[in-house]
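Asker: predicted model and sequence below, questions to follow.
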Amino acid sequence: MHYPPAEITNAGNINVIVPKKKVDGRTPEIGQRKGISRGDIAATNLLYNCPRCGGTLLEAKGIFSPPSKLNDSEVDFEYCQWTIRAAQGERIKLVIALLDIRKTPNCSTDYLEIRNGYQADSTALGRYCEDVGSATIIASNFVTVKFARSQLENNRPGFILEYEAICGGDIHLESNDTYYLESPNYPESYKPYKQCHWNIKAPYKHYIVIEFDYFELEESKGCKNDFVKVQEGRNENAPIIGKYCGKNDYLEVASRMKRIFLTFVTDGSKEAGGFSAAISTKLIDNNDPTS
C-alpha cells in the first residue's frame with residue numbers, strides 16, 4: 001500500500017481505504033509505512049497471480065491454486081478455467097507441485113486438465129485426478145488449465161501449479177529444410193532478462209547456415225549486455241563462432257559441422273527489435289579442401 005488510508009478524503013479523520021477483515025479482533029493498520037496487512041500476506045506469497053476461480057495470466061512466471069472454497073452456493077459442481085499466455089517464440093513450462101483431487105473413473109467429474117492452446121478442442125496434454133508427484137509439462141505459448149470438482153470435495157486443496165515462460169529448444173533439420181527463427185515477442189521489441197538456448201542439428205554430411213534478415217540488439221562493448229552467441233557444437237562448452245550485438249543489416253553465420261548451439265541473452269538496461277533468421281542445411285562438398 002503506497003498511500004495512507006485517508007489519502008483521498010478532505011477530512012483527515014475519515015479513512016476511505018479500510019481492510020474488509022479483522023485480524024485477532026482488530027482492524028489491521030495499512031498505509032505507506034505499514035505494509036501489507038497480516039490477513040493478506042499468506043495469499044500474496046502463495047497465489048500472487050490468480051486468487052480467483054479462473055482468469056488470464058500474462059506474467060512471465062507465477063504460481064496459482066483454486067480458492068479453498070470456490071463459492072458459497074449449494075451447487076453440486078464447480079468449474080474454473082485459466083488461460084496462460086506467453087510471447088510469440090516462447091513456450092510455457094508447467095510444474096504440478098501439488099495435486100489433491102478425488103479420484104473418479106477416467107477423471108470424469110473431479111479433475112485438473114491442461115490443454116495446449118486456448119480453443120475447446122485444443123490438444124489435451126493431461127487430465128489428472130490423483131497424486132502424480134511433481135510432474136513437468138512443456139507446452140506452446142498458449143495453455144488452458146481447467147479444474148472441476150464436486151461441492152462435497154471442497155475440503156481438498158485441489159492443486160498448486162507453477163508456470164514459467166521459457167524460450168529455446170531443439171531444432172532438427174532435414175536435408176533442404178529451412179527453419180525460421182525469431183526472437184521472443186518479434187516483431188515487437190524483445191523483453192528484458194531473457195536467456196534462450198537452441199540446439200540445432202543437421203543431417204549427416206550437412207552443415208548449417210544461419211541468415212539473419214533482421215538483426216538489432218542493444219549495442220554494448222564486447223556485446224556484454226544483449227547478444228546472440230553462435231557455437232559450433234552441442235552445448236555451451238563448444239567453440240565459439242561469433243558473438244553479435246548492435247544493428248546488422250545482413251548477418252550470415254555458417255558452421256563446419258552438423259551442430260550449432262545458439263544463445264540469446266538480454267539484460268534489463270535497454271530493449272531493441274530483436275532478430276529474424278532463416279536456418280538451413282547445406283550438403284558438404286567433399287571436393288572442398290576446407291570441408
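Answerer: It's in. Computed from a predicted structure; not experimentally measured.
Asker: number of nearby residues for the closest residue in space to residue 174 that isn't next to it in sequence?
Answerer: Using C-beta to C-beta, 6 or more residues apart in numbering and skipping residues adjacent in sequence, the residue nearest residue 174 is residue 203, 6.1 Å away. For the C-beta atoms, the positions are set from N, CA and C on the backbone; glycine is no exception. By other C-beta atoms under 10 Å, 14 other residues sit near residue 203.
Asker: got it, and residue 57?
Answerer: 19.
Asker: swap in residue 134?
Answerer: 10.
Asker: try residue 120
Answerer: Residues near residue 120, counting by other C-beta under 10 Å: 7.
Asker: quick check: which element contains it?
Answerer: Secondary structure from DSSP states H and E places residue 120 outside every helix and strand.
Asker: one more: residue 168?
Answerer: strand 158-172.
Asker: so which bits of that strand are buried?
Answerer: Across strand 158-172, burial judged by 16 or more other C-beta atoms under 10 Å covers 158, 159, 160, 161, 162, 163, 164, 165, 166, 167, 168, 171.
Asker: quick check: the third one touching residue 65?
Answerer: Yes: distance between residue 160 and residue 65: 4.7 Å, which falls inside the contact criterion (C-beta atoms under 8 Å).
Asker: what's the pLDDT at residue 135?
Answerer: For residue 135, the pLDDT comes out at 88.
Asker: find the nearest non-adjacent residue to it, please.
Answerer: residue 96 (4.4 Å).
Asker: for that neighbour, list each beta-bridge partner.
Answerer: residue 135, residue 161 (DSSP bridges).
Asker: so it sits right up against residue 147, yeah?
Answerer: No: between residue 96 and residue 147 there is no contact under C-beta under 8 Å: 11.8 Å.
Asker: mutual contacts of these two, please.
Answerer: 112, 159 (C-beta atoms under 8 Å, 6 or more residues apart in numbering).
Asker: residue 222: what secondary structure?
Answerer: Following DSSP: H, G, I helix; E, B strand; the rest coil, we place residue 222 in the helix state.
Asker: count the residues that sit near it.
Answerer: Residue 222 has 8 nearby residues by other C-beta under 10 Å.
Asker: for it, give its distance to residue 93.
Answerer: Note on residue 222: its distance to residue 93, by C-beta to C-beta, to the nearest Å, is 31 Å.
Asker: the strands in the stretch 151-291 of the chain, which residues?
Answerer: Assigned by DSSP state E, counting those that start in this stretch, the stretch 151-291 of the chain shows strands spanning 158-172, 178-182, 195-201, 206-216, 227-231, 240-244, 251-254, 259-265, 274-283.
Asker: okay, these in a markdown table with distance to residue 121 next?
Answerer: Output for these, formatted as a markdown table (distance: least, C-beta to C-beta, whole Å):
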| stretch | distance to residue 121 |
| --- | --- |
| strand 158-172 | 22 |
| strand 178-182 | 27 |
| strand 195-201 | 30 |
| strand 206-216 | 35 |
| strand 227-231 | 37 |
| strand 240-244 | 42 |
| strand 251-254 | 40 |
| strand 259-265 | 33 |
| strand 274-283 | 31 |
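Asker: which of these sits closest to residue 89?
Answerer: Comparison of the strands of the stretch 151-291 of the chain against residue 89 by C-beta to C-beta identifies strand 178-182 as nearest, at 5.3 Å.
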